[in-house]
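>>> Sequence first, predicted coordinates after that:
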Amino acid sequence: MTRTISRSILVLIFASFIVSSLSPFAVSIASPAATKFSDKELDELFAPIALYADPLLAQVIPAATFVDQVVQANKTLKGSVNEKTIEKQNWDVSVKSVAHYPSVLKMMAEQKDWTTAIGQAYVYQSTDVMKSIQRLRALAKGNGSLVTTSEQTVTESNGYITIVPAQPKYIYVPVYDPQVVYVSTGPSPGAVALAFGAGLAIGAWLNRDWHWYGPGIYYHGWVGVGWIGVNRTFIHVNHYYVNRSFTHVSVNRTIVNRNITTFRGDLNNRVVTGHHYDINRGSVSRDINRGNVNRTNINRTSVNRSSVNRRTTTHTNTAARRTGTNTTFNRSNINRSSINNSSARQTQNRRVSSGHVRRSSTGPGNTGPRKR
C-alpha cells in the first residue's frame, strides 16, 4: 500500500514537471498568432520591394529569413559580385542569388530589423504576404506608376499582376518612392514614377518564380516558358543553382525567434498615426489634408480679401468726405492700390478747388485746360 502511494506521488510530481516544462512551448506555439502582422503593416513592410520583378522578389523574400547570412554576404562581397566567392559559401541559395545584386543585398543588410520582419511575415503568413504585394501592385498600376517598359513587362491575368524582365539576359532593379507610386493622383506631370539603373545579369541563380494563383514561390529549374524560356539559352547551368534539392523552397523558421520589438512598435505607430501607405484609401495618409482639400474651395468659402478691401475703402472714403477729416488707413485690411487712388483723388480735389492744377488733356472726359 505504501509503495502504491509512493508511486502515485512520483507520477504526480513527474507529470507536473512535464506540464511546467511544456508550458513555454505552448506559449511559443501561440506566439505566431499574437505577433501576426496586420494588412496595413504588411503593406508598409513590402511597399519598398513589391514592384521588384517576380524572379528577384522570389529570392529576396526567402533570403530575408536568413538575415545573418545576408549580413555576412554583404561584408564578404563589399559591393562586388565574385561568382567563385559566392559559389563556395555555405549560404542558402536565395542569399547566393541576391548576392548578385549588390544594391539589394546592401539594403537588406543595412536595414536588418526590416529584413527580419520581412522574413517573419513570410514564415508566419505567406498567403497574406502575397495578397499585400498584389494590393500594392494593383494600386501602383491603377495610378499609372506601374507600366510595361523596355526594362519590365507588366501583365495582369485572373486578377494577379506579374512583373518579369522584358529583355533577354538582363534584369533591372526599380528605384522608386513609395509615397509617389502608391498615391492615388499618381506622379506629377513630367515626373518618373519608376527609375531603372543599368541592367544586371540574369544567371542560373534566378532559379525561382511566382505562382500567384497557386503555391507562391517555386523552383523552376530553368524549365518553362515566357522569360524562363527566352533566357534559357543564355544560362550556364550548374549544380550550384540548378539542383533537385532546391525543389523545396527552404526558409529559416527560427527567424521568428528574433526580437524586433522596437521595430514592430515603430511599425505599428506609423500605421496607427497614419504615417504609412494607406492602400485602402489610395493615398499617403500624412498628406491627406494636402491632397484632399481643394484650395479653390477654401478661397470660395472664406472671405474674399479683395472684396473686403474695396468695400472698406469705399465706406472709409465716404465718411472722410462727409467729415472732411484726414483718415488713417489700416494697411492690413485695405487694399493699398485703393488707398493710393483715394488719397490721390482727395489731394487733387483740394488743389483743383484752389485753382493750382489743371486737368489732364488726355484723361477721360477732359477736353483741355480749364478756363477761368
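Received, thanks.
>>> What segments of the stretch 51-200 of the chain are strands?
152-157, 160-165, 170-171, 174-175, 195-196, 200-201 (DSSP state E, counting those that start in this stretch).
>>> Give me the helices and strands touching the fifth one, please.
This points to strand 195-196. strand 174-175 (3 or more Cβ pairs under 8 Å, 6 or more residues apart in numbering; DSSP states H and E). From N, CA and C alone the C-beta is placed, and that goes for glycine too.
>>> Counting by contacts, list what the strand it packs on packs against.
Partner elements for strand 174-175 (3+ Cβ pairs under 8 Å, 6+ apart): strand 195-196.
>>> any idea of the mean pLDDT in the strand it packs on?
Average pLDDT, strand 195-196: 94.
>>> what sits up against it?
Residues outside strand 195-196 that contact it (Cβ atoms under 8 Å, 6 or more residues apart in numbering): 149, 151, 172-176.
>>> hang on, isn't residue 55 packed against residue 164?
Yes - using Cβ atoms under 8 Å, residue 55 is in contact with residue 164, at 7.0 Å.
>>> between these two, who's got more neighbours?
residue 55 (23 against 18; other Cβ atoms under 10 Å).
>>> The nearest residue to the more buried one once chain neighbours are set aside: neighbour count?
Closest residue to residue 55 apart from its sequence neighbours, by Cβ to Cβ, 6 or more residues apart in numbering: residue 206 at 4.5 Å. Residue 206 sits with 26 neighbouring residues when counted by other Cβ under 10 Å.
>>> Next up, the contacts around residue 206.
55-56, 59, 97, 171.
>>> Now render those as a markdown table, adding pLDDT and distance to residue 70.
Output for the contacts of residue 206, formatted as a markdown table (pLDDT from 0 to 100; distance: Cβ to Cβ, whole Å):
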| residue | pLDDT | distance to residue 70 |
| --- | --- | --- |
| 55 | 98 | 18 |
| 56 | 98 | 14 |
| 59 | 98 | 11 |
| 97 | 98 | 11 |
| 171 | 98 | 19 |
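>>> tell me the domain ranges of the protein?
What automatic domain parsing lists as the domains of the chain is 30-292, 305-353.
>>> how far away is the closest residue to residue 87 other than its chain neighbours from residue 171?
Spatial nearest neighbour of residue 87, excluding adjacent residues (Cβ to Cβ, 6+ apart): residue 240 at 5.0 Å. To residue 171, residue 240 is 19 Å away according to Cβ to Cβ, to the nearest Å.
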